[in-house]
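> Take a look and give me a structure for this.
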Amino acid sequence: MPPCYKATPARIVDIMKIAADVDTGIDDALALIYLSHWARTTGADLVVTTSAGNCTAPQAAANSMDVLNASGSAGTPVTVGALAPGGVELTTTPETHGPDGLGYHHTHATPPDTGSAAAAIQAWRGADKLLVAGPATNLAHGHAPDVTLMCGAFDYPGNTTTTAEWNAWVDPQGLEQALRTLDTAGVPHRICPLNVTEQVVLHPDRLHSWCDTLRKQGREELASLLENALRFYFEFHESVGVGYCAQIHDLAAAMVMLGTVNYRTRAGRVSVAVDGELRGTTTVEWSDTANAQVVVDLDAEGVFAEFERVVLGEGR
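From the prediction side, this is the model:
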């Protein structure tokens with residue numbers, strides 16, 4: 001039986017610094033909202049770095065600044081990472097996340113004009129835990145003490161090609177190198193694949209409840225950002241046959257990183273195809289000679305309950 005990790009506050013009291021490496025589209029934004037509130041309530045430091053994927057790395061930094069400002073965490077450091085994948089041309093997803101990456105929300109912050117993987121890695125220094133919620137471009141060049149990646153799909157349909165998940169497909173060479181580097185360094189790491197994150201589905205009635213609560217708390221800016229971003233995301237999911245709802249992948253991965261949601265993992269040796277028709281396709285051989293702990297089960301409802309506890313509980 002794979003190990004089950006229970007969400008308990010005792011697991012997180014010693015976390016002093018967390019880092020989030022994001023390509024800030026809409027589900028990344030929900031992860032940042034949660035992480036910024038969690039960090040503020042626990043006294044931990046949060047740093048944010050960006051990669052190119054849902055949008056460019058500079059645009060992801062501007063989006064992150066907007067999200068953090070709306071969340072009341074304007075002082076959180078945001079660093080632009082690598083500007084492009086290492087071995088393939090950059091592809092972004094305006095059809096999925098909108099022209100700026102946050103749906104119908106118009107980003108107010110100005111995108112920086114420089115960035116590098118080295119700058120991102122420097123920002124991670126001293127972090128107890130790292131979330132990689134975008135392509136593994138920055139992670140391919142360094143590591144942190146404990147890493148959680150949102151990527152991949154194992155014997156499960158992809159969301160970019162029939163077999164490949166988006167983050168793995170955008171920079172498959174980066175993911176391959178990152179897995180090799182983490183394995184060589186003996187760094188503990190978990191992978192949250194589509195198999196579990198697609199179970200975390202947000203519906204409009206829940207979003208409306210969140211925004212009503214935020215407005216009662218006087219947090220109009222955050223309510224407006226959520227509404228404008230998620231309306232676009234709902235429409236996208238409806239257009240591809242999922243329904244008028246949204247799969248919130250990165251929020252789930254953020255909670256797995258912190259141990260604030262119940263989940264189950266299984267040890268496996270993960271591989272990724274770097275080119276050809278199977279580009280970005282991840283496979284796993286379940287084995288004790290593992291290079292990752294793959295999340296195979298997750299409390300999807302618990303993800304939203306934890307978000308509400310941390311984000312909406314503030315100010316009540």
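
> Please identify the helix or strand for G302.
Using DSSP states H and E, G302 falls within helix 300-307.

> tell me which residues in that helix are buried?
Within helix 300-307, the residues scored as buried using 16 or more other Cβ atoms under 10 Å are A300, G302, V303, F304, E306, F307. C-betas here are computed from N, CA, C, even on glycine.

> for the record, mean pLDDT for it?
Across helix 300-307, pLDDT averages out at 98.

> residues making contact with that helix?
Residues from elsewhere that reach helix 300-307, judged by Cβ atoms under 8 Å, 6 or more residues apart in numbering: 7, 30, 33-34, 196, 199-202, 206, 248, 251-252, 255, 260-262.

> what about N195, is that helix, strand or coil?
Look at N195: counting by DSSP: H, G, I helix; E, B strand; the rest coil, its state is helix.

> I figured it was touching V296, is that so?
Yes - counting by Cβ atoms under 8 Å, N195 does reach V296; the two are 7.1 Å apart.

> circling back to that earlier point, could you dump the buried residues of helix 300-307 into JSON lines and include distance to P135?
Converted to JSON lines, these look like this (distance: Cβ to Cβ, whole Å):
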{"residue": "A300", "distance to P135": "24"}
{"residue": "G302", "distance to P135": "27"}
{"residue": "V303", "distance to P135": "22"}
{"residue": "F304", "distance to P135": "26"}
{"residue": "E306", "distance to P135": "26"}
{"residue": "F307", "distance to P135": "24"}
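
> Relative to T161, which of those residues is nearest.
Set against T161, the nearest of these by Cβ to Cβ is A300 (24.6 Å).

> which residues of the stretch 201-316 of the chain score low on pLDDT?
314-316 (pLDDT under 70).

> Helices of that one, start to end?
204-216, 220-239, 249-258, 300-307 (DSSP state H, counting those that start in this stretch).

> chain center to the last one, what's the gap?
Here helix 300-307 is found 15 Å from its chain centre; the criterion is Cα atoms, centre = their mean, to the nearest Å.

> Please apply the same query to the second one.
The gap between where helix 220-239 is centred and where its chain is centred comes out at 17 Å by Cα atoms, centre = their mean.

> hey, C-alpha coordinates of stretch 306-316 in CSV?
C-alpha atoms of stretch 306-316 as CSV (Å, rounded to 0.1, in the frame of the first residue of the first chain):
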residue,chain,number,x,y,z
GLU,A,306,-8.0,24.4,3.0
PHE,A,307,-8.0,27.3,0.5
GLU,A,308,-11.2,28.6,2.3
ARG,A,309,-9.7,28.1,5.7
VAL,A,310,-6.5,30.0,4.9
VAL,A,311,-7.6,32.7,2.4
LEU,A,312,-11.2,33.4,3.4
GLY,A,313,-10.7,32.8,7.1
GLU,A,314,-8.4,35.9,7.1
GLY,A,315,-10.5,38.9,8.1
ARG,A,316,-13.5,36.9,9.4
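
> Now it: buried residues?
E306, F307, V310, V311, L312.

> for these, which one is nearest L222?
Among the buried residues of stretch 306-316, and counting by Cβ to Cβ, the member closest to L222 is V311, at 8.4 Å.

> I figured the closest one was touching Y34, is that so?
Yes - with contact defined as Cβ under 8 Å, V311 reaches Y34; the gap is 6.1 Å.

> From T50, how far off is D297?
Distance, D297 to T50, using Cβ to Cβ, to the nearest Å: 30 Å.

> For those two, indicate the residue with more neighbours.
The neighbour comparison of D297 against T50 (other Cβ atoms under 10 Å) goes to T50, with 35 against 15.

> if we can go back for a sec, closest to R125 out of the helices of the stretch 201-316 of the chain?
Per Cβ to Cβ, nearest to R125 of the helices of the stretch 201-316 of the chain: helix 249-258, 17.6 Å.

> Could you check how far that closest one is from the centre of its chain?
7 Å.

> And the contacts of that helix?
So helix 249-258 is contacted by 7, 12, 15, 18, 20, 22, 27-28, 30-31, 34-35, 38, 129-131, 133, 146, 148-150, 190, 192, 194, 196-198, 200, 261, 263, 295, 298, 300, 302-303, 306-307 (Cβ under 8 Å, 6+ apart).

> Please apply the same query to stretch 274-287.
Contacts of stretch 274-287 (Cβ under 8 Å, 6+ apart): 87-88, 151-154, 158, 160-161, 163-165, 168-170, 172-173, 175-176, 193, 266-273, 292, 294.

> That one spans what distance, first to last residue?
22 Å (Cα to Cα, to the nearest Å).

> And that stretch, what's buried?
V274, L278, R279, G280, T281, T282, T283, V284.

> Nearest to L225 among those residues?
Nearest to L225 among these, with distances taken as Cβ to Cβ, is G280, at 30.1 Å.

> Check the gap between that closest one and P204 for me.
From G280 to P204 the distance is 31 Å (Cβ to Cβ).
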